[in-house]
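Colleague: just coords:
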């Protein structure tokens, strides 16, 4: 489904990723971990074709279509959805306005205003946020936790097939983290999307139970494992988890 | 939503007394608004040359939202505030070709509160905005704030002059002026939600203007007189 091959990316004169490879199949949950500054967020922005990042070589294919030649809008319309750790606040633009415009632009707005509001209300209830979020400005004057739930509101409305969650857990208290993780799990169970999670948190990994866990270091994925690799990282840190068993024994 | 009376104003003076009105059209070049009590007013269009003078009489509370398209317009607004008045003036406009907006406040009395907010979005044109607040000698306990922002789309010329002339020590006054382009980050964000670049720019521009308006009627209504 999503296949990244030998991707090399730089910003200004600095290489962030070199020969980065990753393949996520339909319905799989992958976790990407790595130390701060390793380039984890870069990969999420590059997939969405943020032009701050220059792709030097390699390919990003989604269902065999090369995303590198596509605009951000077209990528979103293919069903790829990104939640960043610090989404912008856009004063004056309400969630409802943005979502209706988006659904209309995508040719997916088959709901009348009442059905749209009903669906939004239902999702707000599920996310334990007030219905006023429907008409609140996008992320404006929201707390960190509210912003993350607001982004999930967008996710549920737009129904993407491939989701990239870039540290969605940052700045969340225990209860909010549980609610956010369970909402993602509910969405996964209902729509079976592919998910790429970038995180440092154990709780999110525990709830979402990924199929694969990758460690990003030296600008590429240096180790892939299952849930146990994540446990090893949480217990022993990145360095020990990257080293092979023989190296560790030495 | 509150029902509001819609007016087409032909005369040179309009008395507003404890009421909510929408001024659909101003036909005269000179208009004096005499404000008493608690008044909310929306203005949807102004003529190409227009001088609007607002008199806030003792204890008046005046919320005025202007949501207009300026195309070769010279608009001057003069404001005179009496004792214990409160003014919230929100001016949201798009501008085309060459337009001028001047807002002059004369604070000669005490215990007044004035909030002037201007949002201007370029629509292939240039604009000069002057906001002038004069706080006179021997006045006290006044609050005065100007917040003016312009969004430039095609790199045309925008000039903002926020001037405060304070002749007393007993005032709380501040002013803020910003000229900016559309935030690249905001555009990327909206595109990543599936909006086309054009739709994203449109919602940002509209949001920039509507964000300051307090009257729900105007938020839901059209964009000025165009």
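Modeller: Received the coordinates, thanks. From a predicted model like this one, the values you see are computed outputs, not experimental measurements. Numbering: from 1, shown residues only, chains lettered A, B, ... in the order given.

Colleague: neighbours of the residue nearest to residue A:85 when sequence neighbours are not counted, how many?
Modeller: Take residue A:85 and drop its neighbours on the chain: the residue closest to it by C-beta to C-beta, 6 or more residues apart in numbering or on different chains is residue A:167, 3.8 Å away. Every C-beta, even on glycine, is put in place using the N, C-alpha and C of the backbone. Neighbour count of residue A:167, defined by other C-beta atoms under 10 Å in any protein chain shown: 21.

Colleague: so what's residue A:167 up against?
Modeller: Residues touching residue A:167, when contacts are defined by C-beta atoms under 8 Å, 6 or more residues apart in numbering or on different chains, comprise A:41, A:85, A:198-200.

Colleague: with residue A:56 instead?
Modeller: The neighbours of residue A:56, taking C-beta under 8 Å, 6+ apart as the test, are A:8-10, A:15.

Colleague: pull up the pairing partners for the one helix or strand it maps to, direction included.
Modeller: In this structure, residue A:56 is located in strand A:54-62 according to DSSP states H and E. Sheet partners assigned to strand A:54-62 using DSSP bridges are listed as strand A:2-11 (antiparallel), strand A:65-66 (antiparallel).

Colleague: give me the average confidence score over the longest one.
Modeller: Meaning strand A:2-11. The average of the pLDDT scores along strand A:2-11 is 96.

Colleague: now do the strands in chain B.
Modeller: In chain B, strands defined by DSSP state E lie at B:5-9, B:13-17, B:20-26, B:30-36, B:38-43, B:49-56, B:61-71, B:74-81, B:86-107, B:113-135, B:142-151, B:158-166, B:171-180, listed in chain order.

Colleague: tabulate these (TSV), appending mean neighbour count.
Modeller: Shown next, in TSV, are these (neighbours: other C-beta atoms under 10 Å in any protein chain shown):
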stretch	mean neighbour count
strand B:5-9	13
strand B:13-17	16
strand B:20-26	18
strand B:30-36	19
strand B:38-43	22
strand B:49-56	19
strand B:61-71	23
strand B:74-81	20
strand B:86-107	21
strand B:113-135	20
strand B:142-151	20
strand B:158-166	16
strand B:171-180	14
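
Colleague: most packed of the strands paired with strand A:54-62?
Modeller: With neighbours taken as mean count of other C-beta atoms under 10 Å in any protein chain shown, the strands paired with strand A:54-62 reach their highest mean count in strand A:2-11, at a mean of 18.

Colleague: so residue A:186 sits against residue A:126, correct?
Modeller: Yes - if you go by C-beta atoms under 8 Å, residue A:186 and residue A:126 touch, sitting 7.4 Å apart.

Colleague: show me which of these two is the more surrounded one.
Modeller: Between residue A:186 and residue A:126, counting by other C-beta under 10 Å, residue A:126 is the more crowded of the two (17 against 13).

Colleague: roughly how far apart are that one and residue B:56?
Modeller: Using C-beta to C-beta, to the nearest Å, residue A:126 is found at 48 Å from residue B:56.

Colleague: what's stretch B:48-63 in contact with?
Modeller: The contact list for stretch B:48-63, computed with C-beta under 8 Å, 6+ apart, reads B:16, B:26, B:29-41, B:46, B:64, B:71-90, B:112, B:214-215.

Colleague: quick one: residues contacting the closest residue to residue B:151 other than its chain neighbours.
Modeller: Leaving out its chain neighbours, the residue that sits closest to residue B:151 by C-beta to C-beta, 6+ apart is residue B:121, at 4.7 Å. Residues in contact with residue B:121, defined by C-beta under 8 Å, 6+ apart, are B:93-95, B:150-151, B:153, B:205, B:208-209.

Colleague: show me what residue B:121 is bridged to.
Modeller: Counting by DSSP bridges, residue B:121 forms beta bridges with residue B:94, residue B:151.

Colleague: what's the answer for the one 5 residues further on, then?
Modeller: On the basis of DSSP bridges, residue B:126 takes part in beta bridges with residue B:98.

Colleague: residues near the nearest residue to residue B:191 once chain neighbours are set aside, how many?
Modeller: Once flanking residues are discounted, residue B:191 sits nearest to residue A:72: 4.0 Å by C-beta to C-beta, 6+ apart. A total of 27 residues lie near residue A:72 under the criterion other C-beta under 10 Å.

Colleague: got it, and residue A:221?
Modeller: For residue A:221, the number of neighbouring residues by other C-beta under 10 Å comes to 20.

Colleague: ok, now residue A:121?
Modeller: The number of residues packed around residue A:121, counting by other C-beta under 10 Å, is 13.

Colleague: residue A:209 too?
Modeller: Going by other C-beta under 10 Å, the residues that sit close to residue A:209 add up to 13.

Colleague: and it, backbone torsions?
Modeller: Backbone torsions of residue A:209, given as degrees, to the nearest 10, read phi 40, psi 70.

Colleague: quick one, what contacts the residue nearest to it when sequence neighbours are not counted?
Modeller: Counting by C-beta to C-beta, 6+ apart, residue A:209 lies nearest to residue A:227, which is 6.3 Å off, once chain neighbours are set aside. With contact set as C-beta under 8 Å, 6+ apart, residue A:227 has these partners: A:205, A:209-210, A:213.

Colleague: if we go to 7 Å?
Modeller: With contact set as C-beta atoms under 7 Å, 6 or more residues apart in numbering or on different chains, residue A:227 has these partners: A:209-210, A:213.

Colleague: same deal with residue A:139?
Modeller: Applying C-beta under 7 Å, 6+ apart, we find residue A:139 in contact with A:87-90, A:147, A:150.

Colleague: low-confidence ranges, chain A, go.
Modeller: For chain A, the stretches flagged by pLDDT under 70 are A:244-250.

Colleague: what do you get if the cut-off is 50, keeping everything else the same?
Modeller: Low-confidence segments of chain A, defined by pLDDT under 50, are located at A:245-246.

Colleague: can you list the residues of it near chain B?
Modeller: By C-beta under 7 Å from any C-beta of the partner chain, the part of chain A that sits against chain B consists of A:48, A:50, A:72-73, A:76-77, A:82, A:87-88, A:90-93, A:97-98, A:101-102, A:105-106, A:137, A:154, A:158.

Colleague: from those, which land in strands?
Modeller: When DSSP E defines the strands, the subset of these inside them is A:82, A:90-93, A:137.

Colleague: then residue A:133 would be within a helix, right?
Modeller: Yes - secondary structure assignment places residue A:133 in a helix (DSSP: H, G, I helix; E, B strand; the rest coil).

Colleague: just checking, it touches residue A:152?
Modeller: No - taking contact to mean C-beta atoms under 7 Å, the distance of 10.6 Å between residue A:133 and residue A:152 leaves them out of contact.

Colleague: higher neighbour count, these two?
Modeller: Taking neighbours as other C-beta under 10 Å, residue A:133 and residue A:152 compare with residue A:152 leading, 23 against 20.

Colleague: many thanks, I have nothing further to ask.
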